[in-house]
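Trainee: Sharing a sequence plus its predicted fold:
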Amino acid sequence: MSEITLKTLVVRFKGRILLTNLLVFLESMLGVLIPLFIGLAINDLLDQSFRGVIYLIVVGVSSVAVGSIRRFHDTRAYSRMFQILAPEMVEREREKDSSVSKITARTGLLAEIVEFLEWSVPAVVGATVYLLATLVIIAGLNLNVFYASLLVLLLTFIVYVTTGKINFKLNENYNDQLEKEVNALESRDHGVTRSYYTTLMQWNIKLADLGTFNYLIVMLGTTALLVYTPIAVIKGGVEYYGLVFSAVLYVFEFIAALIELPDNIEQVIRLNEISSRLSE
């Protein structure tokens, strides 16, 4: 059996992972178009036309259909992946004479990797598509808002690059403690069990505090962008009310994707640490 890392799993199961993310890309592109078609529908309705509404319905239904197909595929594909990998990993750990505690903990970590591929990778792909596509559309609607959005994106990048190594080390300490769980329970000593969970939660709190600090800085930037957007759009002299509405919606879409992306970045850092652990 080859090492279990994110890289080896992506190579081994590339077909099902590629299909998932192609569907995510298509679903995201359709979703990105919805605010634009809402604006066009508003303009057409003001001109006593339902053409824009019909286009909006087609785009919306198409997005829902693609998203549903992807979810049916994902449930089956990633359940099968874990069904294949878990027995292989257990056998490998038995050959190394690993303790039941370690095997149990690593089976849980393997489940996290598979869940990451099923949920977080599509989320990262979707958020990235939304970020890039909304930036392009915002640039077409108002350049000042576009530049402000780029500044917020740069701020987010700096924050998470700066704290990345700290995040990795905290995850390493958390997982070191997690692998001791069965031994702590088997000791049947209340003091040992209490000490185990106290230490585990201390590392959990440190991870959460770091995430909160990063979130606070990013949210300050996005709040400033939200306040600035309607001012810049209205002063920019957008001709149609529907496009003003679309511009504000796209900034909301951009911010939603931006807020979602850091959570997945933290998950990538955690899974990189788990991958290095499972390949030992």
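Mentor: That came in fine, so what should we check first?

Trainee: Figure out how far the helix or strand where V161 lies is from the centre of its chain.
Mentor: Take DSSP states H and E as the rule and V161 turns out to sit in helix 143-162. How far helix 143-162 lies from its chain's middle: 18 Å, per C-alpha atoms, centre = their mean, to the nearest Å.

Trainee: Who are the packing partners of it?
Mentor: helix 121-141, helix 190-235, helix 241-278 (3 or more C-beta pairs under 8 Å, 6 or more residues apart in numbering; DSSP states H and E). (Each C-beta comes from the backbone N, C-alpha and C, glycine too.)

Trainee: relative to helix 241-278, how tilted is the second one?
Mentor: By that I understand helix 190-235. Angle of helix 190-235 versus helix 241-278, following axes from the mean of the first three to the mean of the last three C-alpha atoms, to 10 degrees, is 150 degrees.

Trainee: cool, and the shortest one?
Mentor: On the basis of the same axes, to 10 degrees, helix 121-141 is oriented at 150 degrees to helix 241-278.

Trainee: Mean confidence (pLDDT) on helix 121-141, please.
Mentor: For helix 121-141, the mean pLDDT works out to 85.

Trainee: do the last one as well
Mentor: The average pLDDT within helix 241-278 is 74.

Trainee: for the residue located most distally from the centre of the chain, helix, strand, or coil?
Mentor: Farthest-out residue of the chain from its mean C-alpha position, per C-alpha atoms, centre = their mean: Q48, at 40.9 Å. Under the three-state scheme (DSSP: H, G, I helix; E, B strand; the rest coil), Q48 adopts coil.

Trainee: separation between it and V227?
Mentor: 35 Å (C-beta to C-beta, to the nearest Å).

Trainee: Pull out the buried positions in stretch 53-64.
Mentor: V53, Y55, L56, V59, G60, S63 (16 or more other C-beta atoms under 10 Å).

Trainee: State the mean pLDDT of the helix or strand where the first one lies.
Mentor: For V53, the host element (DSSP H and E) is helix 51-95. Mean pLDDT, computed over helix 51-95, is 88.

Trainee: That helix vs helix 241-278, what angle?
Mentor: Using the same axes, to 10 degrees: helix 51-95 against helix 241-278 is 10 degrees.

Trainee: Tally up the residues packed near N272, please.
Mentor: Using other C-beta atoms under 10 Å, N272 has 17 other residues around it.

Trainee: just checking, what packs against the helix holding V53?
Mentor: Helix 51-95 packs on helix 14-46, helix 100-115, going by 3+ C-beta pairs under 8 Å, 6+ apart.

Trainee: got the CA positions of stretch 44-64 in PDB?
Mentor: Only the C-alpha atoms of stretch 44-64 are listed here, as PDB (Å, rounded to 0.1, in the frame of the first residue of the first chain):
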ATOM      1  CA  ASP A  44     -36.400  44.300 -18.100                       C
ATOM      2  CA  LEU A  45     -39.300  44.400 -15.700                       C
ATOM      3  CA  LEU A  46     -38.900  48.200 -15.500                       C
ATOM      4  CA  ASP A  47     -39.300  48.100 -19.300                       C
ATOM      5  CA  GLN A  48     -42.400  45.800 -19.000                       C
ATOM      6  CA  SER A  49     -40.500  42.700 -20.300                       C
ATOM      7  CA  PHE A  50     -40.200  39.200 -18.700                       C
ATOM      8  CA  ARG A  51     -37.200  38.200 -20.800                       C
ATOM      9  CA  GLY A  52     -34.700  38.700 -18.000                       C
ATOM     10  CA  VAL A  53     -36.900  36.700 -15.600                       C
ATOM     11  CA  ILE A  54     -37.000  33.800 -18.000                       C
ATOM     12  CA  TYR A  55     -33.200  33.900 -18.300                       C
ATOM     13  CA  LEU A  56     -32.900  34.000 -14.600                       C
ATOM     14  CA  ILE A  57     -35.100  31.000 -14.100                       C
ATOM     15  CA  VAL A  58     -33.000  29.000 -16.700                       C
ATOM     16  CA  VAL A  59     -29.700  29.900 -15.000                       C
ATOM     17  CA  GLY A  60     -31.100  29.100 -11.500                       C
ATOM     18  CA  VAL A  61     -32.700  25.800 -12.400                       C
ATOM     19  CA  SER A  62     -29.500  24.700 -14.200                       C
ATOM     20  CA  SER A  63     -27.400  25.600 -11.100                       C
ATOM     21  CA  VAL A  64     -29.600  23.500  -8.900                       C
END
